[in-house]
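**Student:** Next comes the sequence, and after it the predicted model I'd like to discuss.
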Amino acid sequence: MSEAKLVVKEDGPILVSGDFSLCDGEGNPIETGGKATIALCACGRTESGPFCDGKHKQCD
Ligand code: FES
């Protein structure tokens, strides 16, 4: 097992890797598709929340 690692990208998403579980605000699990690394939206513009869909690139 590897420790969870979060990387905050400047003007972009938060990359999460390692051993982690993702839940919504009510504690319900969110499927991550078995990916080793996920990108969580930090800008609030994604249409695929909570995941980054690249919309942050359209922001000034
Ligand atoms: S951080 Fe990428 S869409 Fe929000």
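**Tutor:** Right, received. Where do you want to start?
**Student:** what separates residue 57 from residue 12, distance-wise?
**Tutor:** As for residue 57, its distance to residue 12 is 8 Å (criterion: CB to CB, to the nearest Å). Yep, even glycine has a C-beta here, placed from its N, CA and C like the rest.
**Student:** give the contact list for the residue positioned nearest the centre of the chain.
**Tutor:** Using CA atoms, centre = their mean, the residue of the chain that lies closest to the mean C-alpha position is residue 40, 1.7 Å off. For residue 40, the contact set (CB atoms under 8 Å, 6 or more residues apart in numbering) comprises 13-16, 50-52.
**Student:** ok, what's across the strand from it?
**Tutor:** Under DSSP bridges, the beta-bridge partners of residue 40 are residue 14, residue 51.
**Student:** Quick one: the strands in the chain, in order.
**Tutor:** 5-8, 14-17, 37-40 (DSSP state E).
**Student:** With respect to the ligand, which of those lies nearest?
**Tutor:** strand 37-40 (6.8 Å; CB to the nearest ligand atom).
**Student:** is it possible to export the strands of the chain to JSON lines including mean pLDDT and distance to residue 27?
**Tutor:** What follows is those, written out as JSON lines (pLDDT from 0 to 100; distance: least, CB to CB, whole Å):
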{"stretch": "strand 5-8", "mean pLDDT": "98", "distance to residue 27": "19"}
{"stretch": "strand 14-17", "mean pLDDT": "98", "distance to residue 27": "18"}
{"stretch": "strand 37-40", "mean pLDDT": "98", "distance to residue 27": "17"}
